[in-house]
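In: mind looking at a prediction? Sequence and model below.
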Amino acid sequence: MRVERREDISLTALLIAPFAAIAVALALCAGLIAMAGVNPAAAYAEMLRGAFGSRLAVTETLTRAVPLIFTGLAAAVAFRARLWNIGAEGQFYIGALVAAGLGHSLLSGLPAPLAIALVMLASMAGGAALLVGPALMRLRFGVDEVVTTLLLNFIVILFVGLMVEGPLRDPMAFGWPQSVPVAADLRLPDLVPRSRLHIGLILALAVAALVWLVQSRTVFGAETRAAGLNPRAAAFAGVPLTATLVKVALLSGGLAGLAGAVEVLGPAGKVTTTMSPGFGYAGIVVAMLAALHPMGVVAAAVFVATVFVGADAMSRATGVPSFIADVIMSVSLLAMLTALLFTTYRLRR
Amino acid sequence: MTEPILELDGITKRFGALTANDAISLRLRQGEILALLGENGAGKTTLMNILFGHYAADAGEVRVHGRPLPPGQPRAAIAAGVGMVHQHFTLAGNLTVTENITLGTEPLLRLDSRRAEAKARIRNLSETFGLPVDPDARVADLSVGERQRVEILKALYRNARILILDEPTAVLAAPEAEQLFRILRGMTATGLSIIFISHKLHEVMAASDRVTVLRGGRVVAERRTADTSPAELAELMVGRSVTRPRRAAHPVGAPVLVARGLTVREGHGTPLDAIDFDVAQGEILGIVGVSGNGQATLGRVLSGLARPLAGTLTFDGRDITRLTPRQAVQLGLGRIPEDRHAEGTVGDLTVWENAVLERLREPAFSTRGFVRRAAARSFAAELIRRFDIRGAGPDTRTRLLSGGNMQKLILGRNIAARPRFLLANQPTRGLDEGAIAAVHAELLAARAEGAAILLVSEDLEEAVGLSDRIQAIVKGRLSAPVTAEAADARTLGLMMAGIWETRHAG
Amino acid sequence: MTEAFDILLNASLWAAVLRIATPLIFGVLGALVCERAGVLNLGIEGIMTMGAMAGWLTVYWGGDLWTGLLVAALAGLLLGLLHAVLTVVLGLSQHVSGLGITLFGASLSYYLYRLWVQVGDLPPTIEPFQPLHIPGLSDLPFLGEAVFSQTAPTYLALLLVAVTAWVLARTPLGLALRMTGENPHAVEAQGLNPVAIRIGAVMAGSALMALGGAFLTLAAFNSFFPTMVQGRGWICIALVVFASWRPGKALLGALLFALFDAFQLRLQTTVEGVPYQLFLMAPYVLSILALVLVARRARVPEALMQPYRRGER
């Protein structure tokens, strides 16, 4: 048996791939759940109920999906241009830190919408700056950006710790390392009353649509795709590879930074070193499940949020360790990667 | 008549819809040199890859000394005494000659390689067969000719009795090629049997005992070399008489592109060394030479991808020494790249995207940063119609086009812009005769419309047929031009061997 | 200044250097073996986590320490096989597959640990490897404490550096492995199977990585806790580049790195008024700097990250 290239990409296979991958992941993880002495079907039902069983659960799942949409877009945009940004976690934290830093004092004199927009832009700039470094290091010195962006994650989180124990420390937090809360009028308005769901969701959907528009309809989008698929041919056609990669880095880092800002201005209200349960890394899973398509990112983000929120509820009800959510996610990623192969290759004999 | 040492019997191999080999049978006798002649795509390389076990045939059998070889196992082929010299060398540049040769010859779990023995044997083989090479040299530091010797030594080291060489002269200059064939002849004297693959008639005539001609995946003829003629072989190989268009006499205008003292450094080398040339309006200037003598760099400079260290390049009197690809498109310098897959097109984009990729920023194809998709699609549709690009619509993924149709797309997007200058870098490499004729006709039509064309080609017939004047490139230096009329085979041979320099110096 | 000097002259610093370097030596050797065969293994972080958990659990369940190391290596072998199937057999993106393996190895370790181990206020502990007392050598002044009072796995790591260096440079197997990383087509043309060689290399390398993880729970600490690998895997990936893919230089890189780490740990306690996070950042910053300094000059295996499919060029 061997794999052979298909003559054309199979669109059917591309549409089925994520569902097949998720099915495989759930089937494999059923074994792990059974090892805990719990009926997997019951556990999955519990997960679904936990994620969608009540108004509160639905809003909670969607709230969790918001940052995942942003980090998923960040990964999708970068991966499409073959820029391996694994640093969305760090860029998220920089965005969060900038938002908390600006949000608690400096901008309180301005009208709220303007101030919020400024905070978001500043957070995006922070995230963008964090990725431009590795992008330039790759272009100038040939340093693999995977390693540098990963290492920067650790550096940034330590830096956040330094800030929340130092200059940004909240003196009212009984010694917990957390920042001063952002001003109340800078917090994002609720979308659904008496829930944590905020208008960040609308923003996330709008940004996803915008990213899709840029990728599929603009000169920049076309040049980026060409550069990602065949850099030599793109350079021959006059696409400036360096500038394109830097722009992609700005966009990707900015999106991850925006995730941090929205999380701080939305449900969190402050920054802590544990505020992200791996939003940056989960963004990679989201992007892959979406086959790097911006609108697919939205759906994939809701799926991953469902797994996270549902697994917490399931864990409380059944005692299965909630780490099962991370296992499901990682197996989905590997399964999706394999499934994508069959959109361009087929098995022979 | 001696027993055949090697027999291929009814070999059939399909790749999807394409039948690369269709029930091919051939025999090789001991001490014989058999030439496998055919055009690109005739199935020669596929056949040899089956013989060596890189591919498994769908049907048929390979027998060495009457014993069948298990399919798909290079190891079995090697053990049976078959050695292969690939066209694209299978060497590791970072490793030494000895390491490249001895790989796979010792039991893998031996605790200490016997390197001294290996080196002694390599030296011995080098001397016996006249293949000098330093066993301790890093392969990356060797010349192309030396690398080929390493490939041959690899086979000899493993006691090959049958040697297969795939297009062995593609990378060699004429004197080197002659020397290679002398060495091969010497090998047959020691009992080796040799198959070499070629599409060059003159070397088949000069070096083989027998010729098998392949066309479209089938054996169309088998001849004793002494009993055939180049004319007969040419007709057998092509199968029909396709006549390439001929250049008509035509007045040339003022110089359009002028290079003076153009020099490029890359790493330690100087791939272009103070070259001068002019291309005039309505003229085709041919640059001929064996591959790897600076053609690629010349192509990169004229495409805006490499910066000269010294010298000037002017276009209609304007300095374009520091050309960028975008500037080239804006100024009307058309560019047909050397490698249509790696540089000419993005295979996973559609035909329309590839048609307009280099002019995306022009108002015709975008407004305020948004692509004018309808305009781009209709431009692509127009190219498809006008340049007879088959099997494609504007939304077809470019990967699916055949080489010839891909080349027509590239040619079309350049010629549609009515360029003042056109760089045609190996424009017909790997195409079949029909596509070659179409490309030649388009180049001559552009010339008739007044374009200045620089044709870089390794195909002498093509260069002589199309060019008004010809210069040879050897080790990054250009010869003085000769007119097409003065370019007989002897003159060109001397030029490509770099002989002009001594004459001019004297 | 004199403070720094005092720290450097202290034998306990050098003992700590070897201890800190040990997991890095295992990890960097593992990454090196994979990459020399042409496969980037970003699964390292998850494989080390799995090794740490599997080794610890074996001992917690009553196995002896060497069995723990063995089980860790087997766990690494399996994750390596998974990475090899995805990247070598199927030819998938080595970047994405590696990250997937890391997420999978880490999350599965945490899940199984929580499933099988009752965790109270403090994580349960085991009796780890103790420093060896080598008669004569351990009693030497300075060197005795600095070099000859380590735990057995540290000496194993040093031995493996020599073994790896020898195998790569002097044996036919090593030649085949290096050639696979340079040009797999050449390997096939000589009758060997580059796919099998790559699978073997990735599995062996992953086993080494897992040993590095196991050292953390079986020698450096005595318990397992999530996130304990702390980016050591990524640092190993950087160290391979720094070492230009050579085992000897890799050892040197790991030692230099550990020296820096041990030094900053001691500075933390002696220098007042500098936030401890700045010290903790230093190793990561150092890794990035090292990459920038050497990346241009590094001699990368030519076929690194290039999938090999028979008959496709």
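Out: Yep, it's here. Numbers count the residues shown, from 1 in each chain, chains lettered A, B, ... in the order given.
In: downstream of whichever strand or helix holds C:M48, the next helix or strand is which one?
Out: Applying DSSP states H and E as the criterion places C:M48 in helix C:44-60. Downstream of helix C:44-60, the next assigned helix or strand under DSSP H and E is helix C:65-84.
In: is whichever helix or strand comes after that next one up against chain A anywhere?
Out: Sequence-wise, the next helix or strand downstream of helix C:65-84 (DSSP H and E) is helix C:94-116. Yes: for helix C:94-116, a contact with chain A is found by C-beta under 8 Å from any C-beta of the partner chain, at C:95-97, C:99-101, C:103-104, C:106-108, C:110-111, C:114-115. Every C-beta, even on glycine, is put in place using the N, C-alpha and C of the backbone.
In: check the gap between B:R247 and chain A for me.
Out: Using C-beta to the nearest C-beta, to the nearest Å, one obtains 28 Å as the distance from B:R247 to chain A.
In: only the buried residues of stretch B:205-213, if you could.
Out: Across stretch B:205-213, burial judged by 16 or more other C-beta atoms under 10 Å in any protein chain shown covers B:M205, B:A207, B:S208, B:D209, B:R210, B:V211, B:T212, B:V213.
In: which of the residues you listed lies closest to B:R147?
Out: The shortest approach to B:R147 among those belongs to B:A207, at 20.4 Å (C-beta to C-beta).
In: wait, that closest one touches B:F181, no?
Out: Yes: assessed by C-beta atoms under 8 Å, B:A207 is found in contact with B:F181 at 4.1 Å.
In: need the contact list for C:A207.
Out: C:A207 makes contact with C:G30, C:A73, C:L74, C:G76, C:L77, C:G80 under the criterion C-beta atoms under 8 Å, 6 or more residues apart in numbering or on different chains.
In: which PyMOL command selects the buried ones in those?
Out: Command for PyMOL that selects the buried part of the contacts of C:A207, burial taken from 16+ other C-beta under 10 Å:
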select buried, chain C and resi 30+73+76+77+80
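In: closest to chain A among the contacts of C:A207?
Out: When those are ranked by distance to chain A (C-beta to the nearest C-beta), C:G80 comes first, at 14.0 Å.
In: excluding residues flanking it in the chain, which one is nearest that closest one?
Out: C:S206 (2.7 Å; C-beta to C-beta, 6 or more residues apart in numbering or on different chains).
In: I'd like to know how far the one you found sits from C:A31.
Out: 10 Å (C-beta to C-beta, to the nearest Å).
In: need the residues touching each of those two.
Out: Listed as contacting both C:S206 and C:A31 by C-beta under 8 Å, 6+ apart are C:N41.
In: between the two, who's got more neighbours?
Out: For the pair C:S206 and C:A31, the greater number of neighbours falls to C:S206 (35 against 32), based on other C-beta atoms under 10 Å in any protein chain shown.
In: A helix includes that one, no?
Out: Yes: assessed by DSSP: H, G, I helix; E, B strand; the rest coil, C:S206 belongs to a helix.
In: that one against C:A72, yeah?
Out: No: using C-beta under 8 Å, C:S206 makes no contact with C:A72, being 10.8 Å away.
In: for chain C, what are the nearby residues on the stretch 51-200 of chain B?
Out: B:52, B:54-55, B:73-75, B:77-79, B:84, B:86, B:88, B:90-95, B:99-100, B:102-113, B:154.
In: these in strands, which ones?
Out: Among these, the residues falling in strands (DSSP state E) are B:M84.
In: so which helix or strand of chain C has the lowest pLDDT on average?
Out: For chain C, the helix or strand with the lowest mean confidence is helix C:2-8, at a mean of 73 (criterion: mean pLDDT, DSSP states H and E).
In: which residues of chain A lie near chain B?
Out: So far as C-beta under 8 Å from any C-beta goes, chain A lies against chain B at A:7-9, A:217-223, A:225-226, A:229-230, A:232-240.
In: report the buried members of the residues you listed.
Out: Among the residues of chain A next to chain B, those buried by neighbour count (16+ other C-beta under 10 Å) are A:218-223, A:225-226, A:229-230, A:232-240.
In: now name the helix or strand holding the closest residue in space to B:T46 that isn't next to it in sequence.
Out: Excluding its sequence neighbours, the residue lying closest to B:T46 (C-beta to C-beta, 6+ apart) is B:A20, at 4.2 Å. Taking DSSP H and E as the definition, B:A20 sits inside strand B:18-29.
In: tell me the strands beside that strand, with direction?
Out: strand B:4-15 (antiparallel) (DSSP bridges).
In: residues touching the partner strand, excluding its own?
Out: Strand B:4-15 is contacted from outside by B:19-30, B:43, B:46-47, B:50-51, B:55, B:57-66, B:82, B:161-162, B:193, using C-beta under 8 Å, 6+ apart.
In: repeat that with 7 Å
Out: B:20-30, B:46-47, B:50-51, B:55, B:57-65, B:161-162, B:193 (C-beta atoms under 7 Å, 6 or more residues apart in numbering or on different chains).
In: hey, C-alpha coordinates of that strand in PDB?
Out: The C-alpha trace of strand B:4-15 is given here as PDB (Å, rounded to 0.1, in the frame of the first residue of the first chain):
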ATOM      1  CA  PRO B   4      21.700 -12.100 -23.200                       C
ATOM      2  CA  ILE B   5      23.000 -11.000 -19.900                       C
ATOM      3  CA  LEU B   6      19.900  -8.900 -19.200                       C
ATOM      4  CA  GLU B   7      16.400  -9.300 -20.500                       C
ATOM      5  CA  LEU B   8      13.400  -7.100 -20.000                       C
ATOM      6  CA  ASP B   9      10.200  -8.800 -21.000                       C
ATOM      7  CA  GLY B  10       6.800  -7.200 -21.500                       C
ATOM      8  CA  ILE B  11       7.400  -4.400 -19.000                       C
ATOM      9  CA  THR B  12       4.200  -2.300 -18.500                       C
ATOM     10  CA  LYS B  13       3.900   0.600 -16.100                       C
ATOM     11  CA  ARG B  14       1.000   3.000 -15.700                       C
ATOM     12  CA  PHE B  15       0.800   6.300 -13.700                       C
END
